[in-house]
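Engineer: pasted the sequence and its predicted model underneath.
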There are 2 protein chains.
Amino acid sequence: MTQVKIKHDCKLELNDVALRATPARIAVMKFLENTTTPVDVQMIKNYLDKQNVSSDAATVFRIMNIFTEKGITRQISFNEGKFRYELASREDHHHLICKNCGKVEDFSYCAIPALEKDIQKKKGFLVTSHALEFYGLCESCKDRQN
Amino acid sequence: MTQVKIKHDCKLELNDVALRATPARIAVMKFLENTTTPVDVQMIKNYLDKQNVSSDAATVFRIMNIFTEKGITRQISFNEGKFRYELASREDHHHLICKNCGKVEDFSYCAIPALEKDIQKKKGFLVTSHALEFYGLCESCKDRQN
DNA sequence: ATAGCATATGCAATAGATTTGCAAGTAGTA
DNA sequence: TACTACTTGCAAATCTATTGCATATGCTAT
Ligand SMILES: [Mn+2]
Ligand SMILES: [Mn+2]
Ligand SMILES: [Zn+2]
Ligand SMILES: [Zn+2]
């Protein structure tokens, strides 16, 4: 009854897509695995600093670009004038963005797939992905609006 | 039977929201009325130059910010690292963005309103607006993919 | 039509986000 | 362990967007 705990191996996952497993890349993956909200480059850089992983903003930008190209992450924009990133492995879901405090919640229900077929039929446009964001007020801001 | 052609009066529309009708603002409104795709600041600036309307990028940014604040325009992001704008008077609709050639088509059908009520009920989040973009390949790129 | 004033613009400087060139460092492989 | 292609750090360059300030102009009240 030797229960083998197969913990997620970042190195293998990186090598699988022909990327070298460097300390910075591994740390970024761990960070993404443990955050529930899409993060921006500055947040990632702060995390690396805190973990004493040597890095540089340019490197983080490069990492996020290549992760996105390789399909490890997904680049998102909430009209903030900068990008955020989340693991692409997170299932199809969308975001509830509070216009007052900026909090981002995940929202999993998705009714879009049916719509995509319609679009293909009516417009001849082949949908390969979509982005859906809801803006408004989160539960706490809704009451005591700041 | 004097058919009075009431053409849209930019000056009145601007004054209605307490904005002065300057040449640049009027030209921007005309441009937005005649484009079918959300435009960015550079495109607007190019149009103003072509029309010999004196302007400056800083001024265009200021105009688009105040138009958006006043509800004349809507700020949109297609993950390009910059904003685009379209008239807010355009009814609720979404966009089909070709990943190959960048063409943007409008798509009017919207099945989201029902979903918004669900969100309010399940998450207590008050939805005030949403953004939905479809990415993929437009009809022509779908065939002879470049 | 004109004066007066608050608003808008032009221009230059500044702030942020992201990209790029290049020399030095390192992961993966033999 | 040595080799080589891939990565990184750092500085400089690009872009997008914002801001300060002096000047210009739209709007309102004579
Ligand atoms: Mn998410
Ligand atoms: Mn549109
Ligand atoms: Zn909130
Ligand atoms: Zn296309």
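Structural biologist: Good, I have the coordinates. Ligands and ions are numbered 1, 2, ... in the order given.

Engineer: DNA strand C contacts on chain A?
Structural biologist: Contact residues of chain A with respect to DNA strand C, defined by C-beta under 7 Å from any atom of the strand, are listed as A:11, A:14-15, A:20-23, A:40-42, A:57-58, A:61-62, A:65, A:81-83. For every residue, glycine as well, the C-beta is placed using N, CA and C.

Engineer: mind checking which of the residues you listed are buried?
Structural biologist: Neighbour counting by 16 or more other C-beta atoms under 10 Å in any protein chain shown classes A:14, A:40-41, A:83 among those as buried.

Engineer: sorry, back to before: narrow the residues of chain A next to DNA strand C to those in helices?
Structural biologist: Using DSSP state H to define helices, the subset of the residues of chain A next to DNA strand C located there is A:11, A:14-15, A:23, A:41-42, A:57-58, A:61-62, A:65.

Engineer: in chain A, what residue lies closest to ligand 2?
Structural biologist: With C-beta to the ion as the measure, A:Lys123 is the residue of chain A nearest to ligand 2, at 13.8 Å.

Engineer: just checking, that residue touches B:Glu139?
Structural biologist: Yes. Taking C-beta atoms under 8 Å as the contact criterion, A:Lys123 and B:Glu139 are neighbours in contact, 7.3 Å apart.

Engineer: ok, and which of the residues of chain A next to DNA strand C reach DNA strand D?
Structural biologist: Here is what survives when those are matched to DNA strand D using C-beta under 7 Å from any atom of the strand: A:20, A:22, A:58, A:62, A:81.

Engineer: domain ranges for chain A?
Structural biologist: If you go by automatic domain parsing, the domain ranges for chain A are A:1-90, A:91-146.

Engineer: ligand 1 contacts on chain A?
Structural biologist: Those residues of chain A that sit near ligand 1, judged by C-beta under 5 Å from the ion, are A:86, A:106.

Engineer: tell me where chain A is predicted with low confidence.
Structural biologist: Within chain A, the stretches with pLDDT under 70 are A:1-8, A:145-146.

Engineer: distance between the ends of stretch A:16-32?
Structural biologist: Its start and end residues considered, stretch A:16-32 measures 18 Å (C-alpha to C-alpha, to the nearest Å).

Engineer: again but with stretch A:80-96, I slipped
Structural biologist: Distance across stretch A:80-96, first residue to last, is 15 Å (C-alpha to C-alpha).

Engineer: what residues sit buried inside stretch A:95-108?
Structural biologist: Residues of stretch A:95-108 classed as buried by neighbour count (16+ other C-beta under 10 Å): A:95-98, A:103-105, A:107.

Engineer: on that earlier part again, please convert the ones next to DNA strand D among the residues of chain A next to DNA strand C to JSON lines, extending it with distance to chain B.
Structural biologist: Below are those laid out as JSON lines (distance: C-beta to the nearest C-beta, whole Å):
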{"residue": "A:Arg20", "distance to chain B": "27"}
{"residue": "A:Thr22", "distance to chain B": "26"}
{"residue": "A:Ala58", "distance to chain B": "16"}
{"residue": "A:Arg62", "distance to chain B": "15"}
{"residue": "A:Gly81", "distance to chain B": "8"}
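
Engineer: most centrally placed residue in chain A?
Structural biologist: Residue closest to the mean C-alpha point of chain A, counted by C-alpha atoms, centre = their mean, is A:Glu86 at 0.8 Å.

Engineer: would you confirm that that one belongs to a helix?
Structural biologist: No. For A:Glu86, which was evaluated using DSSP: H, G, I helix; E, B strand; the rest coil, the result is strand, with no helix membership.

Engineer: pretty sure it sits against A:Ser77.
Structural biologist: No. At 12.0 Å, A:Glu86 and A:Ser77 do not qualify as touching, with contact defined as C-beta under 8 Å.

Engineer: biggest separation within the ones in helices among the residues of chain A next to DNA strand C, which pair?
Structural biologist: Spanning the widest gap among these are A:Asn15 and A:Gln42, at 28.2 Å by C-beta to C-beta.

Engineer: so A:Phe107 sits against A:Arg90, correct?
Structural biologist: No. A:Phe107 lies out of contact with A:Arg90 (C-beta under 8 Å); the separation is 11.9 Å.

Engineer: hang on, the earlier thing: let's have the buried ones among the residues of chain A next to DNA strand C in CSV, adding distance to B:Ile72.
Structural biologist: Output for those, formatted as CSV (distance: C-beta to C-beta, whole Å):
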residue, distance to B:Ile72
A:Leu14, 48
A:Asp40, 29
A:Val41, 32
A:Phe83, 27
